[in-house]
Every structure is written in structure tokens, then in C-alpha cells.
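Undergrad: Using only what follows, build the 3D model:
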Amino acid sequence: MKICVLGLDCAVPEVIFGDERLVNLRHLMDLGVYGRLESVVPPITVPAWMCMSTSQDPGSLGVYGFRNRSDHSYDKLEFANSASIKERAIWDQLAREGKKSIIVGVPPNYPPRRVNGISIGCLLTPDTGKNDFTFPVALKTKINELVGEYPVDVKNFRTDRKDWLKEEIFSMSRKQWTVVRWLLAEQEWDYFHFVDIGLDRMHHGFWNYFDPKHVQFEPGNRYQEAIPEYYRWLDEQIGVILELLDNDTIVLVVSDHGAQRLDGGFAINEWLIREGLLVLNEYPKALTPFEKLNVNWSQTKAWSEGGYYARVFLNMQGREPQGAIPASEYESFQNEMKARLEALPDESGQPMKSLVFKPQEIYRSVRNVAPDLIVHLGELYWRSIGTVGHSKLHVQENDTGPDGCNHSPYGMFILTAPNCPLSGEYEGARLLDTVPTLLDLAGYEIPETMQGRSLVAGMEKKSPGGGSDEESQRIVHDRLAGLGYV
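TA: Here you go, the predicted model:
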């Protein structure tokens, strides 16, 4: 059986399952199984899509976000790219079976992966006009003929120019889905995987206009329907795609994480300075990014990177160049920091309810340079602000520009397959379970290295005609018996 995965980056289960106007998604829900999907820690586009595709957690991939420390020095951060992922993905597994795959915009996919089939770059592609973003390279010419310059993202999507932003997102999406339709209809494939990044950009740009619980929400605002409009657009595209697929194709509509309101930002490095854990030789006169601070490393015990979650690093002797924490005290200090971060209050003095994770406790293995602590501030209703120079710890400003939402730890999935024994709403599915489930339904071996489980493991699969294999055999037996052959 063929497998078609339509990834909706940041799709929210409450919206997908709650909007009756999404008629094509409703049709898939009626045909198959659906539910919330627990993402990884942290629930970030990079590495979440590759965690799904490999069924490996972020620690095992050694990728903890878009930027990662390349070593234990203080100033070497590298962007993740396709070469950062060393584990075998589902398309690699299928290639060993002689099957062809098409992957479009599955981050990180720059430079475009060399696959047995077709690979098109993701949002990390610098410039599709100047850079090769397809494999094979010659495919770039055909894509340009189809849609002109191919967009992989909306540049400067954190902006107050909302009319411009909405049009840019829709324009990008129209071109991407045009290419997707052409690939599905005209190219050979056994596995197809596309990620629509436009939905994530709509959420970050317009969530505060959409969610009544958002601190900035104003009823009746002119952008209140922008997000539902995009969901309806996606539903229409999915409907067109379904017309192109054979009835025996496995279809998975899935998101890597969800979205939720953003109550504000917490100036994590500002807090570390006030606690005497991050020591500066000179405090800045204006808001200053962390990498431009004059840090006294020999006196510093902890620092943090900003973002949707906080990555807290500890300055350990024998590991960092000017470590201030004796190695023998590392574990006790890590525990102390975890407790202090968990106790952080919100702006009204109430507990923020932050979740703090030790990588060695939540990942099967820890590769490369992981944060010493991973912090979901206020259960991700607050984001981490890395800049220094704020007069207070709880702020509405953002390091990178206007942002209406943060990621939530639950995405969604809708799965239909002619032989799937599951139907209706399913509880307890995880992002890491999706690929083992797809391989199981399609009749392929599930590698032992995969960390997820098949949701249909041990269950009797339906026959393509609708009944189980046992039922089919009984029907044939009865027919033969009636004819006197049994």
C-alpha cells in the first residue's frame, strides 16, 4: 500500500476536531481513527518532524531546537540542517525495500536529502532562487515552470503588517499545494510526506486575534476569522488531494505540535543575573542579545537561550572552558536549579507552573551537547526571553518580534487505511508512534531501534474489502463447501 502523509505544522486538535466546516477532514475522521497526539520535549518544529519520521526522541537525534551548541564552548551555536539527522527515517527504511519516496518541506531538509525519489527543501533553505533546493537538482526547473519562484517560508513573518502577512502566507501555500498536486499525480511514489508550514505562521501571526483567552484578544477584531479561513483553505486542498489517491492508500493527516495562547515572556537571563548565577562584567545600557553581553564566565554558574522554551546551561568545571561548578557538585546544583525554576512565580506572584526536565531522565540517550535543563515556562503559556536590559522579569516584548502564540505539547492525527482495525477517537497516541503504525499497516518490518509503538500492534488487520482475514477465509470456505469442494 502507498502511504500519504499530509503534515500541518502546529495544527490544533481542538480546531481540527471542533470546526464542522472542515468537511474533508470530517470525512477522514468518519472513515478512520483520530485524536490528540503527544509531541516530544520540546514540542518544536525542529526536531519534532524528524522525531516523528525516525521514531526517535530529540536526545537520540542530538537535536534540541533550530540552534544547538556545537561544543562546550560559550559562543558556538549551529543551525540544524539535514546533515544533523543521523538516524534512519521511514523513507530510508522503505528505500531498503526498493520503494520510492517524495518528501516536501519536512524540516530540517536543507541541503535537500538524497533519497530514493524526490526531496524538496524546507523553511531552512536560504534562497530558492540562488540555492539548489531539490533532489534531483533538475526538478527545480520544473517547479519554477509550475509556480515561478518557489517559497519555503514567509520572510519576516513576525510583523505588525497583518494584511501583508496574511496574503504572503496564502500566496506561499497556493504555490506549495500546486507543486504537491503535481508531484502526487505525475511522479512515481510509494511514500509521500508534505509539511505545510503556513499554518504555523498563521498561528504565530494571528492567534491573539483568534483566541478569546488571549490577553490581547479584542472581540470583533478584523482578523478574528483569519485562522479559521486558513483551516478551511487547507481542508479544501486536502479534499483535492484525496481525489488523486487510490482507495487503498494509507492517509495520515498529522501535526508535530499544537498552539496555545502566549501570556507573555519571562526574561530568563535577567532572572539569572538577579539571582547571582549569571555574572556580567558590565550591565548593558540597552536591550542586548545574550551573545553580545560581556559575561564574566569564571563567576557565572548558569545562562540560558531564549525561545519558545528555555534551554538552561550550567558552567561546569572540566567541561566548559571557565567552569564555575565543581563536577562533584553538578548533580546537586542541577537539582537545585530545577527546583528554583519550578518555583518561579508569574507577574501576580502566583506559581507559574513551569515544567523542568533533565535530558538524561526523559530521553533514551543524550547525543551532542544537550541543555542541562529544558524549561517549559508556565507550561508554555510563557516564552523564554534571552535578551538582557529589561526593567522587569515578566514582559510582553519578544526577542524576535510580534508573536501571538506558543507551541502546545499536543498535536493531532487523523489516520485512514483500508486495513486499519481502529476507528473513532483514540487516546494516548504519541508522535513517535506514527511511523511504526504506518509501517505496520503497510506490511513492512518495524526496526527495533524505533522508540514508538504501532497503535495496531497485535491487532488483526482488515482485508481491503472491509472484513478481517479470518472472515474472508470463512466466506471462501463456506462457498467452497456449498459447491462440494470442501
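Undergrad: could I get stretch 233-250 in CSV with only the CA atoms?
TA: Extracted C-alpha coordinates of stretch 233-250, given in CSV (Å, rounded to 0.1, in the frame of the first residue of the first chain):
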residue,chain,number,x,y,z
TRP,A,233,-8.4,26.5,2.8
LEU,A,234,-6.3,23.6,4.0
ASP,A,235,-9.4,21.4,4.2
GLU,A,236,-10.2,22.3,0.6
GLN,A,237,-6.6,21.3,-0.5
ILE,A,238,-6.9,18.0,1.3
GLY,A,239,-10.2,17.3,-0.4
VAL,A,240,-8.5,17.8,-3.8
ILE,A,241,-5.6,15.6,-2.8
LEU,A,242,-8.0,12.8,-1.7
GLU,A,243,-9.4,12.7,-5.3
LEU,A,244,-5.9,11.9,-6.6
LEU,A,245,-5.3,8.9,-4.3
ASP,A,246,-6.2,5.3,-4.8
ASN,A,247,-8.7,3.8,-2.3
ASP,A,248,-6.0,1.5,-0.9
THR,A,249,-3.7,4.4,0.1
ILE,A,250,-2.9,4.9,3.8
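Undergrad: For that stretch, what is the distance to the chain centroid?
TA: 22 Å (Cα atoms, centre = their mean, to the nearest Å).
Undergrad: show me where the stretch 351-486 of the chain has helices.
TA: Under the criterion DSSP state H, counting those that start in this stretch, the stretch 351-486 of the chain contains helices at 359-362, 434-442, 469-482.
Undergrad: Give me the distance between Val388 and Trp271.
TA: In this view, Val388 and Trp271 are 10 Å apart by Cβ to Cβ, to the nearest Å. For glycine as for every other residue, the C-beta is placed from the backbone atoms N, C-alpha and C.
Undergrad: Just want to know which of those two has more residues nearby.
TA: The residue with more neighbours, out of Val388 and Trp271, is Val388; 23 against 20, by other Cβ atoms under 10 Å.
Undergrad: Run a quick check on that one versus Ala286, I expect a contact.
TA: No - counting by Cβ atoms under 8 Å, Val388 stays clear of Ala286, with 9.8 Å between them.
Undergrad: can I see the domain layout of this protein?
TA: The record's domain parsing of the chain by automatic domain parsing lists 3-260+407-442, 264-402.
Undergrad: winner for burial among those?
TA: Each of the domains of the chain was scored by mean neighbour count; the highest is domain 3-260+407-442, a mean of 19, by mean count of other Cβ atoms under 10 Å.
Undergrad: how long is that domain from one end to the other?
TA: 8 Å (Cα to Cα, to the nearest Å).
Undergrad: Also stretch 130-144?
TA: End-to-end distance of stretch 130-144 (Cα to Cα): 13 Å.
Undergrad: how distant is that stretch from the center of its chain?
TA: 25 Å.
Undergrad: Same question for stretch 247-256.
TA: 17 Å.
Undergrad: what is the rounded mean pLDDT of that stretch?
TA: Average pLDDT, stretch 247-256: 97.
Undergrad: At which residues are the strands of the stretch 51-200 of the chain located?
TA: With DSSP state E, counting those that start in this stretch, the ranges of strands along the stretch 51-200 of the chain come out as 67-69, 77-79, 101-104, 117-120, 134-135, 191-196.
Undergrad: Return the list of helices and strands in contact with the fifth one.
TA: Contact here means 3 or more Cβ pairs under 8 Å, 6 or more residues apart in numbering; DSSP states H and E; on that basis strand 134-135 packs against strand 117-120.
Undergrad: Alpha carbons of the strand it packs on, as PDB, please.
TA: Below are the C-alpha coordinates for strand 117-120, written out as PDB (Å, rounded to 0.1, in the frame of the first residue of the first chain):
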ATOM      1  CA  GLY A 117      12.800   9.500  -5.200                       C
ATOM      2  CA  ILE A 118      12.300  13.300  -4.800                       C
ATOM      3  CA  SER A 119      13.300  15.700  -2.000                       C
ATOM      4  CA  ILE A 120      12.300  19.400  -1.800                       C
END
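Undergrad: from now on call the first residue 710
TA: Fine by me, first position is 710 from now on; the one you just mentioned is strand 826-829.
Undergrad: what's next to it, contact-wise?
TA: Contact partners of strand 826-829, identified using Cβ atoms under 8 Å, 6 or more residues apart in numbering, comprise 800, 809-814, 818, 821-822, 842-845, 848, 852, 859, 888, 892, 896-898, 900.
Undergrad: How far off centre is it?
TA: 20 Å.
Undergrad: Please name the strands paired to that strand in the sheet, noting orientation.
TA: Using DSSP bridges, the strands paired with strand 826-829 are strand 810-813 (parallel), strand 843-844 (antiparallel).
Undergrad: Report how far apart the opening and closing residues of stretch 1145-1157 are.
TA: End-to-end span of stretch 1145-1157 (Cα to Cα): 10 Å.
Undergrad: Now it: average pLDDT?
TA: 97.
Undergrad: And stretch 1126-1135, by the same measure?
TA: Averaging pLDDT along stretch 1126-1135 yields 98.
Undergrad: same check, this time on stretch 755-765
TA: The model assigns stretch 755-765 a mean pLDDT of 98.
Undergrad: Mind listing residues that contact it?
TA: Residues outside stretch 755-765 that contact it (Cβ under 8 Å, 6+ apart): 716, 718, 748-749, 766-767, 770, 772-775, 789, 794, 796-800, 815-817, 833, 902, 904, 963, 965-966, 1073, 1140-1145, 1158-1161.
Undergrad: before we move on, back to that, could I get the domains of the chain as TSV with distance to Gly1167?
TA: Listed next are the domains of the chain as TSV, based on distance: least, Cβ to Cβ, whole Å:
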stretch	distance to Gly1167
domain 712-969+1116-1151	10
domain 973-1111	23
